[in-house]
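J.: sequence first, predicted model second:
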Amino acid sequence: MAKTKTVFQCQSCGYTSLKWLGRCPDCGAWNSFSEERAVETIKGRERAVPLSFEEINPTSGIRQSTEIKEFDRVLGGGVVPGSVILIGGDPGIGKSTILLQAVEGLSRAVGKALYVSAEESPEQLKMRAERLSVTSRDIIILPETSLEGILKSVAELKPKVLVIDSIQTIYTEELPSAPGSVGQVRDCSTKLMFLAKKTGCPVFIIGHVTKEGAIAGPRILEHIVDTVLYFEGEKGQPLRILRAVKNRFGSTNEIGVFEMQDNGLKGVENPSELFLSERPEKIPGSAVISTIEGTRPLMVEIQALVVPTSFGMPRRTALGVDYNRVNLLIAVLEKRLGLHLGNMDVFINVVGGIKIDEPATDLAIAATIASSLKNIPVDHRTFVFGEIGLSGELRAIAQADIRVKEASNLGFKRGIIPIGNLQRMKEDHRVEVELIGAKDVEEALDILLF
């Protein structure tokens, strides 16, 4: 038996109030409260049994491959039974496409897969499957939006994999609110999580994103699931980046690189070649950084454009790198090197739509800004990496040997790196790259541009 009462809940953050409020005191959103029925279950359910480590069967650690190497890489090596995986991204970026391809690979390995299509008709899904050459007979399509209907079908069919497309269109009959509301998303996700843990069936959930890029619905949705993946990519560009921002069964630093083709998403074996395929030569304001994403080294081009400002306040724009980090580096260049950037607009862009969040990009950003300002190109066969301190010193970074080897494999002939990394790499004689160590940013830019 359950007691019911009516409450008002913020549709942005999930804050609950007994009366309607014009402005949410938690997240500050205006006119975001809607009336919902809260259900309070009477206590008295059966207690869980405590277990020692010796009594636990570690079968949940066995991973199943999706037969998509890049997708398995982001998940940490494959799909863990009983896990709940949330995938978000902009409309049309490829969420349904990658899951349909992944489900085909899983169905070959584990058996029957149930794909709940709450947004598209079976005919639309069939057309996409034919375009992607998905022909597995073990994939069952269920056009259903009711959670109770989905759970009934799961009990009857006993699938080994479950896909929900999407969570914002699923509703439970226990709540009177509309699909996509905070209460509906929270309750439906919780019951799907209980289903996954009880049966061992992995559950994939597609989530819509807001205009800010976050997954729509309550923040608790990301806490309920085991893994949160985001699809990134520029509209009109074929490149797609799949990034893990939460993963209970693997690293959150791994990325998967895909290319959108006519027959679906294809994993990119060597992303560095793709990122540098159209790089111009002898053009000022361009430098190549050897960066690390998880366990994978990537060679990425960073571009800068420095032009006189037309406004009283100069503009600073950063795409793919931290905006505040760019401002810090501009201040260092002005103070330590005497570059006059106070009346200049500075635009920074990472080619390919990838986002880099590590201090090793500092030297590349500084080099592109100075190159564009002085109108002197950086040698296209030279790569750089290094962290810049506030006093202009160049600090050593981790995994320098992996970065240098990747650059060597792509044909780069020279590298400007922190002197601390150079001293540690002198014992490695296998690298066929000329490495030059610099103690500060002034010395590094003198080598690069003069």
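T.: That came in fine, so what should we check first? Numbering: from 1, shown residues only.

J.: Val404 touches Leu435, doesn't it?
T.: Yes: with contact defined as CB atoms under 8 Å, Val404 counts as touching Leu435 (6.9 Å). From N, CA and C alone the C-beta is placed, and that goes for glycine too.

J.: after the longest strand along the chain, next one along is what?
T.: Among the elements of the chain assigned as strand by DSSP state E, the one spanning the most residues is strand 296-308. Following strand 296-308 in sequence order, the next helix or strand is strand 316-319 (DSSP states H and E).

J.: so how far is that next one from its chain's centroid?
T.: 20 Å (CA atoms, centre = their mean, to the nearest Å).

J.: one step back: show me which residues of the longest strand of the chain are buried.
T.: Within strand 296-308, the residues that count as buried by 16 or more other CB atoms under 10 Å are 296-306.

J.: what's the closest of the residues you listed to His380?
T.: Nearest to His380, judged by CB to CB, of the buried residues of strand 296-308 is Glu301 at 9.8 Å.

J.: contacting residues around the nearest residue to the closest one once chain neighbours are set aside?
T.: Beyond its immediate neighbours in the sequence, the residue positioned closest to Glu301 (CB to CB, 6 or more residues apart in numbering) is Val351, lying 4.3 Å away. Shown in contact with Val351 (CB atoms under 8 Å, 6 or more residues apart in numbering): 275, 279, 300-303.

J.: ok, the residues you listed vs Gly256, which is closest?
T.: Here the nearest of the contacts of Val351 to Gly256, counting by CB to CB, is Phe275; it sits at 14.5 Å.

J.: isn't the closest one right up against Gln303?
T.: No: Phe275 lies out of contact with Gln303 (CB under 8 Å); the separation is 11.9 Å.

J.: related to what we said a few turns ago, and the longest strand of the chain, average pLDDT?
T.: Strand 296-308 shows a mean pLDDT of 94.

J.: before we move on, the earlier item: between Val404 and Leu435, who's got more neighbours?
T.: Taking neighbours as other CB atoms under 10 Å, Val404 and Leu435 compare with Val404 leading, 25 against 17.

J.: and the more buried one, that's in a helix?
T.: Yes: under DSSP: H, G, I helix; E, B strand; the rest coil, Val404 sits within a helix.

J.: which is the next helix or strand following the helix or strand bottoming out on mean pLDDT in the chain?
T.: Lowest by mean pLDDT, DSSP states H and E among the helices and strands of the chain is strand 33-41, with a mean of 67. Using DSSP H and E, the helix or strand that follows strand 33-41 in sequence is helix 69-75.

J.: what about that following helix, distance to the chain center?
T.: Centroid displacement of helix 69-75 relative to its chain, using CA atoms, centre = their mean, is 12 Å.

J.: start the count at 270, not 1, going forward
T.: Renumbered: residue one is now 270, and that last one reads helix 338-344.

J.: which strands or helices does it pack on?
T.: With contacts defined as 3 or more CB pairs under 8 Å, 6 or more residues apart in numbering; DSSP states H and E, helix 338-344 has these neighbours: strand 508-516, strand 524-530, strand 533-536.

J.: can you list the buried residues in the longest one?
T.: By 16+ other CB under 10 Å, the buried positions in strand 508-516 come out as 508-513, 516.

J.: just the second one next, same as before
T.: Neighbour-count burial for strand 524-530, with 16+ other CB under 10 Å as criterion, is recorded at 524-529.

J.: can you get me the start-to-end distance on stretch 522-534?
T.: Across its full length, stretch 522-534 reaches 21 Å between end residues, using CA to CA, to the nearest Å.

J.: list of residues touching it?
T.: Stretch 522-534 has contacts (CB under 8 Å, 6+ apart) with 339-340, 342-343, 345, 363, 366-367, 370, 400-402, 502, 507-513, 535-537, 540, 543, 562-565, 623.

J.: and if you look at stretch 370-381?
T.: Contact with stretch 370-381 is made by 333-337, 340, 348, 382, 384, 401, 403-405, 407-409, 426-430, 432, 471, 473, 533-534, as judged by CB under 8 Å, 6+ apart.

J.: filter these to the buried ones?
T.: When neighbours are counted using 16+ other CB under 10 Å, the contacts of stretch 370-381 contain these buried positions: 333-335, 337, 340, 348, 382, 384, 401, 403, 407-408, 428-430, 432, 471, 473, 533-534.

J.: export the buried residues of strand 508-516 to CSV and tack on distance to Ser458 and pLDDT?
T.: Shown next, in CSV, are the buried residues of strand 508-516 (distance: CB to CB, whole Å; pLDDT from 0 to 100):
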residue, distance to Ser458, pLDDT
Leu508, 30, 84
Arg509, 25, 88
Ile510, 25, 88
Leu511, 21, 91
Arg512, 21, 88
Ala513, 18, 90
Asn516, 17, 92
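
J.: could you list the low-confidence segments of the stretch 270-419 of the chain?
T.: Applying pLDDT under 70 to the stretch 270-419 of the chain flags residues 270-273, 306-316, 327-330.

J.: so who does Ala635 touch?
T.: Neighbour list for Ala635: 598, 601-602, 657, 710, 713-714 [criterion: CB under 8 Å, 6+ apart].

J.: among the residues you listed, which are located in helices?
T.: Mapping those onto helices (DSSP state H) picks out 598, 601-602, 710, 713-714.

J.: what are the buried residues along stretch 377-392?
T.: For stretch 377-392, by 16+ other CB under 10 Å, it's 379, 381-388.

J.: what segments of the protein are helices?
T.: Using DSSP H, the helices of the chain run over residues 338-344, 364-379, 391-400, 416-426, 451-468, 489-493, 540-544, 592-606, 631-643, 669-678, 688-693, 710-718.

J.: of all those helices, which one is nearest Leu444?
T.: Closest approach to Leu444 among those (CB to CB): helix 451-468, 5.1 Å.

J.: so that closest one versus helix 416-426, what angle?
T.: Interaxial angle, helix 451-468 versus helix 416-426 (axes from the mean of the first three to the mean of the last three CA atoms, to 10 degrees): 10 degrees.

J.: so which bits of helix 451-468 are buried?
T.: Using 16+ other CB under 10 Å as the burial criterion, the residues of helix 451-468 that qualify are 451-458, 460-462, 464-465, 468.

J.: ok so, going back, now render the buried residues of strand 508-516 as CSV, adding distance to Arg664.
T.: Output for the buried residues of strand 508-516, formatted as CSV (distance: CB to CB, whole Å):
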residue, distance to Arg664
Leu508, 31
Arg509, 33
Ile510, 27
Leu511, 31
Arg512, 26
Ala513, 27
Asn516, 29
